[in-house]
Structures are given as C-alpha cells and as structure tokens.
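Visitor: just the structure for this:
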Amino acid sequence: AMGLFDGIPAPAGRSGSAADLARLYGLPVLLVLDVSGQSTTAAAVAKGFATYDPDVLMAGVVLNRLGSERHRRLCGEAVEAIGLPVVGAILRDPSLNLPERHLGLVQAGEYENLMAHLDRLADMVEQSLDLDAIMALAAPFTPAPGNFSDALPPPGQRIALAQDAAFTFLYPHVAAHWRKAGAEIVPFSPLDDQAPAEDCDVCWLPGGYPELHAGRLAAAANFHTGMQAFSATRPVHGECGGFMVLGEALEDAEGETHGMLGLLGHSTSFAKRKMNLGYREARLRADCPLGAEGTLIRGHEFHYAQMIATGNDEPLADLADGQGNPLGASGYRRGNVSGTFFHAIARGA
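Guide: Below is the predicted model:
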C-alpha cells in the first residue's frame, strides 16, 4: 500500500512488501513513477529501483504526472538511456483524481459518477499507455496451490454481517473462506435501522466509517434493541469501526458525542485523531468468534480514532507488532460480546 519495497523489518521474503510478492512469484514489475518536479532525475530514481534488489525485475516504466510533451521527452530519453523501456506517459490531469478520505479512497459504492470516471480513465489509458508493449512484458503467473489451514474458520453457520456505508470492510478472502466452509453470510444494514436476523447464530460488525454516520447509528433504535437481544444469547464481534460502535459513545470529527450500543464500556473519539498503522499478532485471552483461548491471530491495524474511555471490561487479547514486540492488552470482552481495533487476517503458528 506504500512503495514497492516498503514493509516491516523481517527475514528475507517476510517483510510484507510488494517486492516480496514479485520476487516470490517471479513477477516483472511495471514501475509507475511520479515525475512531477523533475526530468533527468527520473532516470536516477528508476535506476535505483532497478538495482536495489537484483531479484526484483523492473520490466518497464510508466511516467506519471507529466507537465508537457517536452517534459515527457526529457524524462523518457533519460530513463531509456539506462536500459528501461518507457511504455507509458501520463499527462497531469486533476480531473482524473479520485476523492480521498482519512483511510483511503472513497469507495466505489459511494461514488455517484463512477462509471463516467472509469470511462475517462479508460480513454486516458488508451491514449497514454502502450498496451501491446505492456502485455509483452507480462510473464505467466502459475503459483503453487496455497495452504489454507490457517484461514479463519467461520464463527458460525449463519453469520449476520453488518453491511452498508458505515460498515464496509471485511477482507474478501475471509468471507470467501467462510462460504467455502459452508457458512451463510446474512447481511443487514444498521444505517437502515435493521437488526441481525433472529435465525443467525453469530453477528459480525466489520470495519468502516461509523464516525461519518454516528448520528444515524445513534438514532437507529431497532438496531440498538436488536443487538441487545442478539448479544444476550449469541456471540457478537466487532473489528475497528465495528468495535467503536460496540462501545458506549463515539465522538465525531466535529466534537459531537453520540451514544453507541453500550455492549462494551469503552468510548472512542475521531476528533482527537492519531494514526495507528501496522501488522499485528494477537494471542486471545478467551474464546470468541476469532478463535479459542490461546489462539494466535495475525492481522493489521489502521485507524485514526483514539480511545478516550476504557471502561471496565476484560481485555480480549495480548497484542504484538509484526516483529513480535509486545504492545500490551488489546480489545475488550463482556459476556458474548468482543471487539478489537485490529482486523484479523488469518491464524498464526
């Protein structure tokens, strides 16, 4: 999600960087360079990428955010002089930008003119990239069959999954494995004041943007009543945004406090923002929808919200960073309810 070689300090091949994947599968890299504010220097940057790790092949370069035809010629001639083919040149065009927010891009389902924007991007690609040359640089991708023994097992047979503009982020591979294992995912919308279906045996509140919809969530009386009734007899788990909604209160960016479900005792604030980002390892202190007591869960954490009140619930897990350095207790549990700021990816060894 950052640069090609960016990851965590780790043994070779375990940093989590895109370069690790390119090296592991023998994938040629199409290097897209932002060349705004430079010309010949672009060749020095490209050469650095090409020589930094000889086992990662730079197959070609796309020059991005060019200011003019002269700018393209200066950058392109310099890059090709070091032996890297330039297979695309994209002029700077603010109309091609997608809107952003604090955890990344506005998601596809929220973008009203998405298809028109995709058409503009397609036109740009046809005009700016040599698609035949790019396809010629590609290599066969035939990875060995994966081992899914550490995939997260489904937390129940019928899983009530919150799904709307406030609850948007569940890893696709997690949901796909649940379905493959025979579980059924039953979506419901808290923003539409829906409660989890009574015939489900577990409820999952995934990550998302509850801080953008805190007022509607606070006013969703049927959602609150349904979650209270569901959690009395069946497990409920929340991740990141879902964890925030499980708490007593959420303070939005304007400093207004909204009452949340109160199934756990903590409160969070988006007004007092601080970025938390990194891979995580969590050793569960008790059984929960993530797994049995003592299970090691690998995942990641990425949020700007902060805890402003901790409550009196029991911690859910002992947390460490991606290198195994202890970070202390994390998440909370009370009765059938559990939640954490980190997103689970898979079980660990």
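Visitor: quick one: residue 239 and residue 344 touch, right?
Guide: Yes - counting by CB atoms under 8 Å, residue 344 is a contact partner of residue 239 at 6.9 Å. Where you see a C-beta, it was placed from the backbone N, CA and C, and this is true even at glycine.
Visitor: could you point out which element follows the lowest-mean-pLDDT helix or strand in the chain?
Guide: Ranked by mean pLDDT, DSSP states H and E, the weakest helix or strand in the chain is strand 104-105, scoring a mean of 58. Next along the chain after strand 104-105, taking DSSP states H and E as the criterion, comes helix 114-128.
Visitor: could you check how many residues crowd around the spatially closest residue to residue 340 that is not a sequence neighbour?
Guide: Closest residue in space to residue 340, ignoring its immediate chain neighbours: residue 331 at 3.3 Å, by CB to CB, 6 or more residues apart in numbering. A total of 27 residues lie near residue 331 under the criterion other CB atoms under 10 Å.
Visitor: part of a helix, is residue 331?
Guide: No - going by DSSP: H, G, I helix; E, B strand; the rest coil, the assignment for residue 331 is strand, not a helix.
Visitor: what's it in contact with, if anything?
Guide: Contact analysis of residue 331 by CB atoms under 8 Å, 6 or more residues apart in numbering lists 243, 282, 315-317, 338-342.
Visitor: in strands only, show me the residues you listed.
Guide: 282, 315-317, 338-340 (DSSP state E).
Visitor: using the three-state scheme, assign residue 324.
Guide: Assignment for residue 324 (three-state DSSP): coil.
Visitor: that one is in contact with residue 281, isn't it?
Guide: Yes - assessed by CB under 8 Å, residue 324 is found in contact with residue 281 at 6.6 Å.
Visitor: neighbour count winner among those two?
Guide: The neighbour count for residue 324 versus residue 281, taken as other CB under 10 Å, is higher for residue 281 (21 against 7).
Visitor: so what's the gap between stretch 244-264 and the chain middle?
Guide: 22 Å (CA atoms, centre = their mean, to the nearest Å).
Visitor: please shift the residue numbers so they start at 508 in all later answers.
Guide: Yes, from this point I'll number from 508; that puts the last item at stretch 751-771.
Visitor: residue 822 reaches residue 791, doesn't it?
Guide: No - with contact defined as CB under 8 Å, residue 822 does not reach residue 791; the gap is 10.1 Å.
Visitor: between those two, tell me which one has more neighbours.
Guide: residue 791 (21 against 16).
Visitor: so the more buried one touches residue 797, yeah?
Guide: Yes - contact criterion CB under 8 Å: residue 791 and residue 797 qualify, at 6.2 Å.
Visitor: got phi/psi on residue 795?
Guide: phi -160, psi 180 (degrees, to the nearest 10).
Visitor: tell me the contacts of residue 554?
Guide: Contacts of residue 554 (CB under 8 Å, 6+ apart): 589, 591.
Visitor: state the distance from it to residue 568.
Guide: 11 Å (CB to CB, to the nearest Å).
Visitor: joint contacts of residue 831 and residue 788?
Guide: With CB under 8 Å, 6+ apart as the test, residue 831 and residue 788 reach no residue in common.
Visitor: the residue nearest to residue 732 when sequence neighbours are not counted: what secondary structure?
Guide: Leaving aside its chain neighbours, residue 732 sits nearest to residue 702 (7.0 Å; criterion: CB to CB, 6+ apart). State at residue 702, reduced to three classes by three-state DSSP: coil.
Visitor: for residue 702, give its distance to residue 738.
Guide: From residue 702 to residue 738 the distance is 11 Å (CB to CB).
Visitor: any idea which helix or strand carries residue 587?
Guide: Assigned by DSSP H and E, residue 587 falls in helix 576-588.
Visitor: can I get that helix as CSV, trimmed to CA atoms?
Guide: C-alpha atoms of helix 576-588 as CSV (Å, rounded to 0.1, in the frame of the first residue of the first chain):
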residue,chain,number,x,y,z
GLU,A,576,5.5,17.0,-24.3
ARG,A,577,8.9,18.4,-23.6
HIS,A,578,8.8,17.1,-20.1
ARG,A,579,7.9,13.6,-21.4
ARG,A,580,10.8,13.7,-23.9
LEU,A,581,13.4,14.7,-21.3
CYS,A,582,12.3,12.1,-18.7
GLY,A,583,11.7,9.3,-21.3
GLU,A,584,15.0,9.7,-23.1
ALA,A,585,16.9,9.7,-19.7
VAL,A,586,15.1,6.5,-18.5
GLU,A,587,15.5,4.6,-21.8
ALA,A,588,19.2,5.6,-21.8
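Visitor: run through who's touching the next helix or strand after it.
Guide: Scanning forward in sequence from helix 576-588 by DSSP H and E, the next helix or strand is strand 593-598. For strand 593-598, contacts defined as CB under 8 Å, 6+ apart pick out 537, 567-575, 579, 582-583, 586-587, 631, 635-637, 640-641, 644.
Visitor: check stretch 644-652 too.
Guide: With CB under 8 Å, 6+ apart, stretch 644-652 has contacts from 532-535, 537, 566-567, 592, 594.
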